[in-house]
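Model the structure of this input:
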Amino acid sequence: MRVLLVEDHEELAQTVALGLRREGMAVDIVLDGDAALDRTSANHYDVVVLDRDLPGLHGDEVCRSLAGAGYPARVLMLTAAGTIDDKVTGLGIGADDYLPKPFAFAELVARIRALARRSRPALPPVLVHGDLRLDPATRIATRDGHRLPLSPKEFAVLELLLAAGGAVVSAEQLLERGWDEFADPFTQTVKVTISRLRRKLGDPPLIETVPQAGYRI
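Reported below is the predicted structural model:
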């Protein structure tokens, strides 16, 4: 999944983003509300993790703008103000969930994953294709009962291909959904990842290259 983290405390933002990336998420960081709206106007995110007390454009206004524009990402609002009235206000302006600071990182991850599931069409809890099984919750993929030693990016690509249900997924779509803002669109990143994934999946081959279109399982 792809996440936008909006947090004005840069050290905290970098620490949280590092942890989320280790959980297999692609994470972009912005430090203020105006930058958040600029980024969401240009990219698709599954979840926006939004600090409420932002300098300049307040987090409440960012949330209202996203809700008013019908932006499809789910919004998880973070704030040091955790009273019932604060939560009611945050949910009332368009947030999908609300997490007071300080928070447990494991809870943040669980809430982001739950919101991401709601932002996409309903999928079975375990994705299956023949003898290939992928469990997004446990981050485990197996083939013929044997666990596959996948990197976070390989797992993300495999999950996107399986979730497509046989439809072709372009390299651009894989790059947008599986990598963050630092990915160079002119590199061979997706092609290299697909090649490594094919080797780890073994025979018979599962990933088909569709010329001039992309990949599918």
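
helices and strands of this protein: which one bottoms out on pLDDT?
In the chain, the helix or strand scored least confidently by mean pLDDT, DSSP states H and E is helix 84-92, which has a mean of 69.

What residues of the helix or strand following it count as buried?
Note on helix 84-92: by DSSP states H and E, the next helix or strand toward the C-terminus is strand 97-100. Of the residues in strand 97-100, 97-99 count as buried by neighbour count, 16 or more other C-beta atoms under 10 Å. Just so you know, the C-beta spots here come from the backbone N, C-alpha and C atoms, and that holds for glycine as well.

with those in mind, which one is nearest to residue 126?
residue 97 (24.3 Å; C-beta to C-beta).

I'd like to know how far that closest one sits from residue 13.
Residue 97 sits 19 Å away from residue 13, going by C-beta to C-beta, to the nearest Å.

Same check on residue 144?
42 Å.

More neighbours: these two, which one.
Higher neighbour count among residue 144 and residue 13: residue 13, with 19 against 9, using other C-beta atoms under 10 Å.

Show me what the longest helix seen in the chain is packed against.
Identified as the longest helix of the chain according to DSSP state H is helix 105-119. If contacts are counted by 3 or more C-beta pairs under 8 Å, 6 or more residues apart in numbering; DSSP states H and E, helix 105-119 sits against helix 10-22, strand 47-51, strand 74-79, strand 97-100.

got the angle between that helix and strand 74-79?
Angle, helix 105-119 to strand 74-79, by axes from the mean of the first three to the mean of the last three C-alpha atoms, to 10 degrees: 150 degrees.

Average pLDDT for helix 105-119, rounded please.
The average pLDDT within helix 105-119 is 88.

what would the buried residues of strand 97-100 look like in a markdown table with distance to residue 190 and pLDDT?
Putting those into a markdown table (distance: C-beta to C-beta, whole Å; pLDDT from 0 to 100) gives the following:
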| residue | distance to residue 190 | pLDDT |
| --- | --- | --- |
| 97 | 31 | 91 |
| 98 | 36 | 89 |
| 99 | 33 | 90 |
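
Just the closest of these to residue 89, please.
Taking the buried residues of strand 97-100 together and measuring to residue 89 by C-beta to C-beta, the closest member is residue 98, at 9.3 Å.

quick one: that closest one and residue 74 touch, right?
No. The pair residue 98 / residue 74 is not scored as a contact, 11.9 Å apart, by C-beta atoms under 8 Å.

and residue 191, how many neighbours?
Residue 191 has 13 neighbouring residues, counting by other C-beta under 10 Å.

contacting residues around it?
Neighbouring residues of residue 191 by C-beta atoms under 8 Å, 6 or more residues apart in numbering: residue 171.

does it count as helix, strand or coil?
Following DSSP: H, G, I helix; E, B strand; the rest coil, we place residue 191 in the helix state.

Ok, the one 5 residues further on next?
Following three-state DSSP, the label given to residue 196 is helix.

what about stretch 16-27, how long is it end to end?
10 Å (C-alpha to C-alpha, to the nearest Å).

ok, back up a step: could you provide the helices and strands packed on helix 105-119 in CSV, with additional columns for distance to residue 212?
CSV is the format used below for these (distance: least, C-beta to C-beta, whole Å):
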stretch, distance to residue 212
helix 10-22, 31
strand 47-51, 32
strand 74-79, 34
strand 97-100, 40
